[in-house]
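>>> just the structure for this:
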Amino acid sequence: MTTFDQSHLDRCERAASRGDQLDRADLVALAKAPLHDLAAAANRVRRAQCGDAFDLCSIVNAKSGRCPENCAYCAQSRHWSARVEEYPFRTAADIVAQAKRDVRAGVQRFSLVASGQRLSRSEVERAALAIAAVKRATGVSVCASLGLLEKEDFSLLAQAGLERVHNNLETSRAFFPRICTTHAYDDKLRAIEAAREAGLEVCSGGIIGMGESLIDRIDLALELRALRPNSVPLNVLNPIAGTPLASMPPLAHDDVLRTVALFRFALPGTSLRLAGGRALLGEAGRACLEAGANALISGDMLTTGGFSVASDRAMAASAGFSVPDPII
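Next up is the predicted model:
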């Protein structure tokens, strides 16, 4: 049996706590560390780089179903037989109503998410109207996940009050073709760069438990680091009947914690956000908050249930985070 070099963990913790970038070999070696020690060290890195601030966001499924993409995990793809509600882009009034409920409950961010490869120009304009209305009604930070848009689309949304664009890389570049073939990895990178050129912040992460290796997860973390994201959401695959990944066995809890800790070492100063799949984890993923995570997506996900904002706020507070009061 190979003995892990504790001095390597100590050296990497000191470096990450300063905000230094670890290389791929460092992260691969860290993956072999005892989980308890790795998670505790990652949490100390989080505290050194991010303090105890906590970030809570919610999402609204602004347009649902019949997506032309063939993402293997997604119930909204028209390529699969999963049952999902279908509707066009929702009205600004509907979106504002949910935003008010969520902001009163205590989220700091609110995100519009729409199915499809990209919104049409008329849908972009509807999204802009909804974003402006949410800002007027609540003052909350507004984010959006609206597909592979162009710079001019993102500029219009920024003028309406959008602050951050979400576009997940999903997995490593090498594994991505096993998950989606209707668009390329570089298409995502181009859209993310277009959003940044429009003056928007970036939220980009991925899904773990789709059959990828731990090395794939490390490579995803490094791909994300190159993007300099403000927020990295980590989803745990929740297999949905009718999708190609429906029979995928659940990812072991320890594998989730190890991945969270490694992402913290790779991205020491970034908001590391637990997202979909928390229902598969014990105590709604609380242990991840002691392994380097410092943010959550609360409420329901796109096609699966979630946790209440109140319970998530209480969980974060119990883990020692400073949870802001509701802004309205």
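>>> distance of the nearest residue to L251 once chain neighbours are set aside from R228?
Nearest non-adjacent residue to L251, counting by C-beta to C-beta, 6 or more residues apart in numbering: G209, 3.4 Å away. Any C-beta I mention is one placed from the backbone N, CA and C, and that applies to glycine too. Here G209 is placed at a distance of 26 Å from R228 (C-beta to C-beta, to the nearest Å).
>>> what of Q159?
For Q159 relative to R228 (C-beta to C-beta), the value is 23 Å.
>>> next: A48.
On the measure of C-beta to C-beta, A48 and R228 end up 19 Å apart.
>>> more crowded one of these two?
A48 (16 against 12; other C-beta atoms under 10 Å).
>>> got the contact list for the longest helix that the chain contains?
The single longest helix within the chain, with elements called by DSSP state H, is helix 121-138. With C-beta atoms under 8 Å, 6 or more residues apart in numbering as the test, helix 121-138 has contacts from 62-63, 89-93, 95-96, 99-100, 103, 110, 112, 114, 119, 140, 142, 144, 146, 149, 153, 156-157, 159-162, 327-328.
>>> now do the strands for the stretch 51-200 of the chain: every range, in order, please.
55-63, 109-114, 141-145, 162-166 (DSSP state E, counting those that start in this stretch).
>>> within the sheet, what are the partner strands of the first one, with directions?
Strands that pair with strand 55-63, judged by DSSP bridges, come out as strand 109-114 (parallel), strand 295-298 (parallel).
>>> how many degrees apart are the first one and strand 141-145 in direction?
I take that to be strand 109-114. 20 degrees (axes from the mean of the first three to the mean of the last three C-alpha atoms, to 10 degrees).
>>> CA atoms of strand 109-114 as PDB?
Only the C-alpha atoms of strand 109-114 are listed here, as PDB (Å, rounded to 0.1, in the frame of the first residue of the first chain):
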ATOM      1  CA  ARG A 109     -29.000  36.000  -6.100                       C
ATOM      2  CA  PHE A 110     -31.700  35.000  -8.400                       C
ATOM      3  CA  SER A 111     -31.100  33.300 -11.800                       C
ATOM      4  CA  LEU A 112     -33.200  32.800 -14.900                       C
ATOM      5  CA  VAL A 113     -32.600  29.500 -16.600                       C
ATOM      6  CA  ALA A 114     -34.000  28.600 -20.100                       C
END
